[in-house]
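# Just need the structure, nothing else, for what follows:
(one chain, ligands or ions: 2)
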Amino acid sequence: MAQAQRRAVESGVPDAAPFMHPTLLKNKGNWKYHDRPRPGVLHHVAHSGDQVWSVRAGTQRQMDTYTIRTLCDIGDKFGEGFVRFTIRSNIEYIVADQKKVDPLIAELEKHGFPVGGTGNSMSMVAHTQGWLHCDIPGTDASGVVKSMMDELYHEFKNEELPNRLHLSTSCCEINCGGQADIAVIIQHTKPPKINHDMVANVCERPTVVARCPVAAIRPAMVNGKPTLEVDEKKCMCCGACYPPCPPMQINDPENSKLAIWVGGKNANARGKPQIMKMVASGLPNNAPRWPEVNKVVGDIIKAYKADARPWERMADWIDRIGWPRFFEKTGLPFTKYLIDDWRGSRTNLNASAHIRF
Ligand code: SF4
Ligand code: SF4
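Residues are numbered from 1 along each chain as shown. Ligands and ions are numbered 1, 2, ... in the order given. Purely as a prediction, here's the structure:
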């Protein structure tokens, strides 16, 4: 009999149930309480009396086959063969036998995977895909993450912060990294440079013109060839034209900088969800260790740790003390570059904490 053809699943992510630990499946929706016996370990108790421990370790998100095999082997040998990944690239091993927790932690740390990231600690830094999977990055997101985590390792391993601290890095201004308490995002400061010889062959010009959020691109003729031109007074250097039209190069070793944004959160807990605001701009994209970025991120975390009340997220802390005090306490300069002066931002200004003129 001909082998049944494998059919594509086109209805979203696959059902997680077949991959879940049997104790989690058995007690789904029937948990009594959970606690954290130590940083990096969650302990869930069900109404049935069943218990599970989840051991959380940080990973580098972009992993080679060898690393994934190592993590899986640890799960088979020291855990119970079940793992899951959190949205911030932590791996969690689920075990129903408490005796397995300590040897599992020891083995993970022996292989260089720190155990932590639970409760009021800093989770692993979420980072965007970078050069590995995306075609438009202006920096190496995972490199920035590595250099930051080397400095912030203590905050991952210990629960000493006022509340959860989510960090992210994004390697273009389109920013698929989403909201975070502190985000490092590329910041282009000059309009794209156009290679006119290539535009006609490579770009669908109407698509590129339509893509610009401030209508700064228009069709043009250069050396008898159809191409595009940019009204540099209107251009806000967002980089949105570069993906559909690579001859409109916006990445630049000097003029593509990094900016720090703070106060984003998706949660409804204690305060409403909030969009991040920029608090430092024009930091050099200084590979391979990005010391200027690490200094600003470190100063913000230090001030937050010292001044926020228990359970205040970054956004809640800033809401309470106000932006002037935020800049005082972090020692960051407030500059004109932090003011949203984009001419189309009337609605934006009415809906955000940006300063209005
Ligand atoms: S942040 Fe931008 S460049 Fe980086 S992966 Fe996302 S879309 Fe691509
Ligand atoms: S960088 Fe952004 S604002 Fe400037 S031309 Fe391109 S799409 Fe328009």
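# Report the beta-bridge partners for the spatially most central residue of the chain.
By CA atoms, centre = their mean, the chain has its centre lying nearest to Ser168, at 2.9 Å. Taking DSSP bridges as the rule, Ser168 bridges to Ala126, Ala183.
# so who does it touch?
Val125, Ala126, His127, Thr128, Gly177, Gly178, Gln179, Ala180, Ile182, Ala183, Val184 (CB atoms under 8 Å, 6 or more residues apart in numbering). No exception for glycine: its C-beta is placed from N, CA and C like everyone else's.
# The third one: neighbour count?
When you say that, I think you mean His127. Residues near His127, counting by other CB atoms under 10 Å, number 26.
# try the second one
Using other CB under 10 Å, the number of residues around Ala126 comes to 22.
# any idea how far ligand 2 is from it?
Using CB to the nearest ligand atom, to the nearest Å, Ala126 is found at 25 Å from ligand 2.
# How about the first one?
From Val125 over to ligand 2 the distance is 27 Å, taken as CB to the nearest ligand atom.
# pretty sure that residue contacts Gly177?
No. In this structure Val125 lies outside contact range of Gly177 using CB atoms under 8 Å: 9.5 Å.
# Which one's more surrounded, those two?
More crowded of Val125 and Gly177, by other CB under 10 Å: Val125, with 28 against 24.
# quick one: pLDDT of that one?
The model reports Val125 with a pLDDT of 92.
# can you pull the contacts of it?
Arg88, Val145, Met148, Met149, Leu167, Ser168, Thr169.
# re the thing from before, overlap of the contact sets of Val125 and Gly177?
Ser168, Thr169.
# Run through the contacts of Val125 and flag the ones next to ligand 2.
Among those, none lies close to ligand 2 by the criterion of CB under 6 Å from any ligand atom.
# would you turn those residues into TSV with distance to ligand 1?
Below are these laid out as TSV (distance: CB to the nearest ligand atom, whole Å):
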residue	distance to ligand 1
Arg88	16
Val145	12
Met148	16
Met149	18
Leu167	14
Ser168	9
Thr169	8
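# Relative to ligand 2, which of the residues you listed is nearest.
Thr169 (20.6 Å; CB to the nearest ligand atom).
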